[in-house]
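# sharing a model prediction with you, sequence too.
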Amino acid sequence: MKRGAVFLLCLAWLFVTLFPIYWALVTSFKPPPAVNGGPTYLPWIDFQPTLQAWIDAFSGIRGDFVRPFVNSTLIGLSATVLAVAFGSMAAYALVRYTFRVRLLAGVLFALLGIGGFLLFRDLGLSRADSLGAAFVLALAASILANRLPLPGPVLGNNDVVFWFLSQRMFPPIVTAFALYLLYSEIGREGVKALDTFWGMTFCYTAFSLPIVVWLMRDFFQALPVEIEEAALVDDVPRIRIFLEIVVPMARPGIVATAMITLGFVWNEFLFALLLTTSDWQTLPIFLSGQNSYRGDEWWAISAAAMIAIAPMMVMAVLLARLMRSGLVLGGIR
Amino acid sequence: MRDPIKYVFIWPAFLTVLLVGLFPLIYSLTVSFQSVRLVPPMPPRFVGFDNYVSLLAQPRFWETVRTTSLIVLCSVACQYVIGFAVALALHARVPGERLFRVSFLLPMLMAPIAVALVWRMLLHSTVGPINHAFTAIGLPNLPFLTRADWAIASIIIVEIWQWTPFVILLMLAGLQTLQADIYEAAALENASAWRQFWGITFPMLLPVSAAVVFVRIIESFKIIDTVFVLTGGGPGTATETLTLFAYQEGFKKFNLGYTSALSFLFLLVIMVFGVIYLTLIRPQIEKRI
C-alpha cells in the first residue's frame, strides 16, 4: 500500500518531467495544420507525421542553425578543456600545499586597481591602456606586499577556495556588463574582443573555473597520498606526478566535472547575449531569435529546441551512469 | 611545504578569474559614478551618487525587486518540497528506480531558452495542450502568458519544472549518507514513518537542505532567459526581473553609468537576501546538531 503510493508519486513526477520533452519531440514532426488546428497528441493516430521541419532546419532555409551549433560546440569544448585543466591544477595545489594570502594585500589590490585606473586615465592614457597598467601595477604591488610581515588576518586555503566560489554568487549581469564595457574598450584599441572566439572562450573559462576548482578539490582530497609520496622520494618532479599519477587516478572525477562544465557553457545565455552579435552567436541566442521572428511556426521552433536539447540528453544518461558509482556524492560534501 | 612549483599550479586559474571575472568590476564600479551615454554619445562626467539616487527613486526598480523576489521565494519553496518528496520516494527503492533517476535529471541539463520555448507552446491559449485539457474538464481557458498574475505563475511553474531535479539530485545524495542503524532503532520503538521523518531524516538533512536552498536562491535571482522568451517581461513590465531590467536599460538605452549602478544595486539586493537567509537558518542548524 505504502510502496504503491510512493511508486505513484514517482510516476506522476515522471509524467510531469517527460511530457514537455515529448511534446517538443512530437511537435517537430507535425505538419502545420496539426499544430494550428488545436493540440494533437499521437503520431499516426491524431496526425500524419512529416519530416518537413527537420528537412527545413538542416537545409538552412529557416535560419542557418549549423553555424551557432558549431560555435557552441567549439566554444564549449575549448572553454571546458581550459577550465578543467587550469581548475584541476589549482585544485590540486590547494589540496597538497598551503597558501597564505594576507588580507591587506588583497585590499591593496582593489585600492591600487581603482586608484591606478583613475590616475592613469587622468594622466591621459586611453581607458583600456590605463586599465591594463593599473592591473599590472596592482598585481605586482600586492604580490610584494604579501611577502611583507603586514598586520591583519592571514587567509588560508579554504579562503582561497571561497574566493573562487564567491564568483558564482555575483549576479552575472554585474560581471557580464563590466566585461562588455571592457571588451568594447579593448575593441576601440584595435584588438577585437566582442563577438570573437577567444573573447567568449576566456569569459566562459573564467566563469566555469569556480565550479571546477570546487568539485575537483573534493575528488583530489579523496585520493591516497602514499603513491605520490613514494614518487616524491624518487625525485620525480611534481608536474610529472600530477600528469602521470594524479590525473589518471582522478579520471572519473575529471570526466564528470568536464561534463558539468560543458553543460553550463552550452546552456549559458546572458554572456552570449551581451558579448556576441553575429559571427560567434551560440545556440541559445539563435533559439531566442527564432522565437521572435518565427512567431507561431511551432514545428520549426520544436525542431530547433530539440537540436539544442539532444546533446545534453545524451550527457544526462552518461552522468546518471557515473552517479551510480557514488561519484557525485563526493562532489557535494 | 615551501615549494615554488605550487605557484605554477595555481596561477593560471587565479589570473584568469582575476583578469576576466573580477577586474572588469573595478571599471564598471567607476562607471557607475559617472554619466556615460553611447547613444547619443556624451563624454563621461562624474556625477557621484546621482545614478544610485535616481534608481532608488524609481518605482520600476522596486517593482522588479518585488517581482524577482516573488518568483524566487515561491519557486524555491516548491522546488524544495517537491524535490525532497521525490528524493525520499526514490530512496525507498521503488521499482524502475534507474529509469526514474535518469529522467528526473533531464530538465536541469536543458538550456533554459529551449525549456522556455517548449513551455510557451504548452501554455499557448489555443494550440497548447494544457489549456486544451483545462477546457476538456470544464475549466475556463486561462490567459497564462498575457495576464500579469498568470504570467508570474507561469514563470514560477517553469522554474519549478526545470530546477526541482537539482534538489532531487542533492537531497538523494544526502539521504544516501544517512546510517541505516538509526532507523532500525526507531523501527524497534514502533515509531511511525511520519515521526521517523520529522525526528530523524529532516533534522539530519538540515545542513544539506540549507545549502541546497541557498544555492537555489542565489541562482534563481539571476533569472533572465526563461522570462526573456516566455513573456519578454510583459505584459507591460509585470514580469520584468532585475537582470532583464538591467539588460533593457543597458542595451536599449545605452545608458552605461545607470546600468552599472543598477547592477551594483542588484548585487546589494542579493547580499541582503543572503545575509537574512543565513542569519535565519544558522541558529536552526546549530540548535539541531
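Perfect, thanks for sending it.

# which residues in the stretch 101-250 of chain B form strands?
Ranges of strands in the stretch 101-250 of chain B, per DSSP state E, counting those that start in this stretch: none exist.

# show me where it has helices.
All helices of the stretch 101-250 of chain B, identified by DSSP state H, counting those that start in this stretch, fall at B:112-122, B:129-136, B:148-176, B:180-188, B:193-196, B:202-204, B:206-221, B:225-230, B:242-252.

# for these, which one sits closest to residue B:37?
For those, proximity to residue B:37 was assessed by CB to CB; helix B:242-252 is nearest, at 11.2 Å. Bear in mind the C-beta positions are built from the backbone N, C-alpha and C, glycine included.

# helices and strands around whichever helix or strand comes after that closest one, which ones?
Next along the chain after helix B:242-252, taking DSSP states H and E as the criterion, comes helix B:256-288. Judged by 3 or more CB pairs under 8 Å, 6 or more residues apart in numbering or on different chains; DSSP states H and E, helix B:256-288 is in contact with helix A:172-188, helix B:23-31, strand B:34-37, helix B:50-56, helix B:59-91, helix B:206-221, helix B:242-252.

# mean pLDDT lowest for which of those?
For those, mean pLDDT drops lowest on strand B:34-37, to a mean of 77.

# other residues contacting that one?
B:42, B:44, B:45, B:46, B:47, B:50, B:51, B:254, B:255, B:256, B:257 (CB atoms under 8 Å, 6 or more residues apart in numbering or on different chains).

# am I right that the second one sits in a strand?
What it means is residue B:44. Yes. Under DSSP: H, G, I helix; E, B strand; the rest coil, residue B:44 sits within a strand.

# ok, which of the helices of the stretch 101-250 of chain B comes nearest residue B:55?
Closest approach to residue B:55 among the helices of the stretch 101-250 of chain B (CB to CB): helix B:242-252, 9.3 Å.

# what about that closest one, near chain A?
Yes. Legend: contact between helix B:242-252 and chain A by CB under 8 Å from any CB of the partner chain is shown at B:242, B:243, B:246, B:247, B:250, B:251.

# buried subset of those residues?
Neighbour counting with 16 or more other CB atoms under 10 Å in any protein chain shown marks B:242, B:243, B:246, B:247, B:250 as buried within the residues of helix B:242-252 next to chain A.

# what's the spacing between the second one and residue A:165?
Distance from residue B:243 to residue A:165, counting by CB to CB, to the nearest Å: 20 Å.

# again, but for residue B:20
Taking CB to CB as the measure, residue B:20 falls 16 Å from residue A:165.

# tell me which of these two has more neighbours.
Neighbour count, other CB atoms under 10 Å in any protein chain shown: between residue B:20 and residue A:165, residue B:20 has more, with 22 against 13.

# surely the more buried one and residue A:200 touch.
No. Judged on CB atoms under 8 Å, residue B:20 makes no contact with residue A:200 at a distance of 11.0 Å.

# so who does residue 230 touch?
All of this is about chain A. When the contact criterion is CB under 8 Å, 6+ apart, residue A:230 has no partners at all.

# that was the other one, I meant chain B.
Residues in contact with residue B:230 (CB under 8 Å, 6+ apart) are B:116, B:119, B:120, B:145, B:151, B:154, B:155, B:158, B:239.

# would you point out which residue is most central in chain B?
Centroid-nearest residue in chain B: residue B:220, 1.2 Å away (criterion: CA atoms, centre = their mean).

# give me the distance between that residue and chain A.
11 Å (CB to the nearest CB, to the nearest Å).

# thought that residue was touching residue B:71?
Yes. Using CB under 8 Å, residue B:220 is in contact with residue B:71, at 7.0 Å.

# right, I'll call it a day here.
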